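Trainee: Let's see this in three dimensions:
(chains A and B)
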Amino acid sequence: MSKLFYTLLILCVLPGALLAQIKISGRVTSPKKQPLVGVNVYIKGSYDGATTAKDGSYSFTTDVTGEAILVASLATMGSIEVKVELNAPSLEQNIVLKETMNELKMVTISSGAFEASDTKKNTVLKPLDIVTTGGANADIVAALKTLPGAQQVGEKEGLFVRGGTGYETQTFIDGMLVRNPFYSGMPDFATRGRFSPFLFKGTTFSSGGYSALYGQGLSSALILETIDLPDQSSSSVNLSSIGFGGAYSHLAKDKKSSYGVEANYMNLTPYFKLVPQVNEPSTYPSGLNTTANFRVKTSKSGMLKFYGAYSRNAFGFKINSLQYPGALEAFDLNNNNAYGNLTYRERINENWKLDMGLSYSYNIDKIKMDTLTKDIPTVNIRSTQALTQYRTVITRNFGHSALRFGAEYQFDQEKMRYNVYDLNYNDHYGAGFAEGDIYFTPRLVARLGARYEYSSIIKAANIAPRAYLAYRTGVKGQVSVSYGTFYQKPEQQYIRLNHDLGYMRATHYIAAYQYISTQHVFRTELFYKKYNDLLKTTPTLNTSGTGYAKGVEFYWRDKKTIKNGDYWISYSYLDTKRDYLNYPFQVQPDFAANHTASFVYKQYFPKMKTYLGATYTFATGRPYYNPTRPESEFMKDRTKSYNTVGFNANYITNIRKAFTVFVFTVTNALGTDQVYGYRYSNDALRRAAVGPMAPRFFFVGMFMSFGIDRSKEVIENN
Amino acid sequence: MKKVLFAIAFCFGLMNLAQAQSQFEAAMEKNVAALNSVTDPSQYQTLANTFDRIAAAEPQQWLPNYYAAYCRVMLAFSNKDADKVDALADAAGANLDKAELLQPNNSEILTVRSMIATSRINVDPMTRGPIYGREAATLLEKAKQVDPENPRVYMLQGQSAYFTPEAFGGSKERAKQLFTLSIEKFAKAKPENKIVPQWGEGYTKGLIEKLSF
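Mentor: As a prediction, this is how the structure comes out:
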């Protein structure tokens, strides 16, 4: 009886009574024997434990005896459990903590891409950078031209990347191809992009080796992701040296839906009267741009978005005729453009995700070209493009790995009337694609994909494989290699003349190293690109051209060294030759410079509430065609090197309750003479330099935003 | 006899339970008190780990995770290495997620969650300021709705008004009003024990003194 009593007594008071303390100590290291600091080491189920010191050592005492579980846990590494026997007065236990799949330490897929995003933690650029880059005038493409890989081409719109033409870079909004991403312009003068950088939460500029989800760009892809719901309702007005406008956006009270409208009117008459242009305007450039959008959160993870834009623009210039000295060439353009994009995304369950999109774009250019005072008939061109497309992408997640597949269909109607001649065609284009991201370990990832395409006007199919392999060398560094085949239809202006052209083709091989922390970015890429089946215009239209591009690029960004300052340096070396269009053999094309460098600097002055940005860009001279030379010296001449400095200043203030920003920008502040190339008369007796419309472009503007921010109101009421 | 034995055993059982209860309170009291005497930020790491251990052993208590999150967010504020701020903020958020399972819609948890959002701003103020600043303000607003008597809500709202540049909507005057309101709420507050959240009064008084000049 008393035996039972004592047993019970012991059992009952045991936890409190047994105070024989055991000392546990040891070191926690990584598999590479590096000490880990801040690891929480403890006996599971008790309070007893300690935190490791700088050398990875820990030591604590416990009242627990017998079999126990020792846990070592570090937020950034994961945790491990070790079974221990606690019966001796002391125990030494060293622990090796292996890394687990943790997003902070995982290798990321960033094949040749510069990404500007708010949502990802470490990116090369932030969306704001596009707006604050000196001399870029808040134009996405102008800002991206300060990154390595892009050429400083001022006479044609688009991104000329790694020996590719502007046509070889395609723009995608929410996955869908944009047919006319730039405003319509005139020959030898580049225009701005149609889309405001404020529309997008993510901008990815891939200078090569991009994903199988995208196609029809031989060189590069500019992938834009539109914003979701705005943070608050707001209205804004703007007034500038080139026009005025206003916007209103409304966020529903339940924060599940929003709509917005915007209108901007642009007229360059006062500006051109004040700042003389090289060419005399016959119709001062003016235009109206309107946009409308709605966004609806259809469920916790579902989102339906619409963005629509309509714009009309007109301008005309009189240019001194090269062919007929003393005469003027008049060029008049009238443009109407409509764009609509409807997308829907939903996470069906933990593993499946659906993305759908529908888009339509319509563009019409009416162009009149007339040699004044000469008995030469007027040329009237009426060119329309209508692109309808549909796209679905399905994603299946396997932990961190993922499989994406989907299809898209595009119906392109291209019409052109040249005086009385019609050159029209339609193209049905379909593509299917699949791509897998495979994480072998947290440090090693592969992306393998392929794309199948068929175009009815090309009357042929192609299969484009893509591959990417990346290995994380440390916390902030990673190396990668990528390969990809890219097909693209020849430019519309050639297809409409000859319906028997094939696809053009490029093959990319890229090796890259990058180091990214929140304060510093370093990147270098080595690339080789092979061109096949490029378009030739001689002897007749065909696709038998060839070419290559190879080079090396560096990028360094530092946000730390200068307080409130930020700078980046880009350098690109490019060696490229191609035999295309009317080239007699492979030569360096007229859009390619061997060396290009940019220096971008931004400084914020908190006391003056002013943000200053300056950009210096340099490029070596580009080849130009000189008809007075023999054919063996085709493209032998070089323009002088290109130098430009752009500035911008933003002053932030409050006018009554409106958040107000004053913006001043100037391109080519020093007025350096810029020559992009030369045009010769048909008899090769006269030539004219191709350059900008004016040595400098000034912009002064004021943006006022009236945020309807409830949280602020509430604070004010207190 | 059996009945007697059973009664004794039952009593001892209760004692154990009581002991466990007091062990929890004693450990919490000791470590919550230690929060007031932190001189070096690295002590927050040690304390966060200690609270994590208590949380793991006491899955029915929300306070250990609450304090672990508090320690980590304080560590994030004092961290000079911007790369580590997000990791600490994420870890603090994970602590609060666990605490919230036991205490949904808790004003104190929402308050610390707003501090997490604020801590992320320093990494990249130009880009993150508008996003996380608004998130922090929304969370504080929610915390106030849940418990209008929580002095820490007004303290943090005042702090936000105090440190935000006037061009971006900050106001020293409004900060002072909010700090005064916070002090009033601190005076009214009657913490039920030494381990429920009661920090911040000294800090608020310090700031209000700065504003008095």
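
Trainee: contacts and neighbour counts: CA atoms only from here.
Mentor: Noted.

Trainee: in chain B, which spans are helices?
Mentor: Applying DSSP state H to chain B gives helices spanning B:2-35, B:42-57, B:63-78, B:82-102, B:107-121, B:125-146, B:151-163, B:172-188, B:201-212.

Trainee: list the contacts for the closest residue to A:K415 other than its chain neighbours?
Mentor: The shortest distance from A:K415 to any non-neighbouring residue, by Cα to Cα, 6 or more residues apart in numbering or on different chains, is to A:N424 (4.3 Å). By Cα atoms under 8 Å, 6 or more residues apart in numbering or on different chains, A:N424 lies in contact with A:413-416, A:496.

Trainee: you'd agree B:N106 is up against B:A99?
Mentor: No - using Cα atoms under 8 Å, B:N106 makes no contact with B:A99, being 9.3 Å away.

Trainee: Which one's more surrounded, the two?
Mentor: B:A99 (24 against 15; other Cα atoms under 10 Å in any protein chain shown).

Trainee: residues contacting the more buried one?
Mentor: B:61-63, B:65-66, B:109.

Trainee: Swap in 10 Å and give it another go.
Mentor: Residues near B:A99 by Cα atoms under 10 Å, 6 or more residues apart in numbering or on different chains: B:55, B:59-67, B:69, B:93, B:106, B:109.

Trainee: now, among the residues you listed, which is nearest to chain A?
Mentor: Minimum distance to chain A across the contacts of B:A99 is 8.6 Å, recorded for B:A55 (Cα to the nearest Cα).

Trainee: Can you give me the distance of that closest one to B:E25?
Mentor: Distance of B:A55 to B:E25, computed by Cα to Cα, to the nearest Å: 12 Å.

Trainee: Comparing the helices of chain B, which yields the minimum mean pLDDT?
Mentor: Ranked by mean pLDDT, the helices of chain B bottom out at helix B:2-35, with a mean of 72.

Trainee: Check the gap between the residue most central in space within chain A and A:Q170 for me.
Mentor: Note on chain A: the residue nearest the mean C-alpha position is A:T204, at 2.3 Å, using Cα atoms, centre = their mean. Going from A:T204 to A:Q170 by Cα to Cα gives 12 Å.

Trainee: what sits in contact with each of the two?
Mentor: A:221-223.

Trainee: Quick check: of these, which lies closest to A:K550?
Mentor: The nearest member of the shared contacts of A:T204 and A:Q170 to A:K550, counting by Cα to Cα, is A:A221 at 18.3 Å.

Trainee: what's near enough to touch that closest one?
Mentor: Taking Cα under 10 Å, 6+ apart as the test, what A:A221 contacts is A:113, A:159, A:161, A:168-172, A:177, A:204-211, A:214-215.

Trainee: same deal with A:D174?
Mentor: Contacts of A:D174 by Cα under 10 Å, 6+ apart are A:200, A:202, A:223-227, A:341-344, A:355-359.

Trainee: Just to be sure, which of those residues are found in strands?
Mentor: Using DSSP state E, A:200, A:202, A:223-226, A:341-344, A:355-359 are the members of the contacts of A:D174 that sit in strands.

Trainee: Just send the contacts of A:N424 back as JSON lines, with pLDDT and neighbour count too.
Mentor: Below are these laid out as JSON lines (pLDDT from 0 to 100; neighbours: other Cα atoms under 10 Å in any protein chain shown):
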{"residue": "A:Q413", "pLDDT": "97", "neighbour count": "16"}
{"residue": "A:E414", "pLDDT": "96", "neighbour count": "20"}
{"residue": "A:K415", "pLDDT": "96", "neighbour count": "19"}
{"residue": "A:M416", "pLDDT": "95", "neighbour count": "21"}
{"residue": "A:R496", "pLDDT": "94", "neighbour count": "18"}
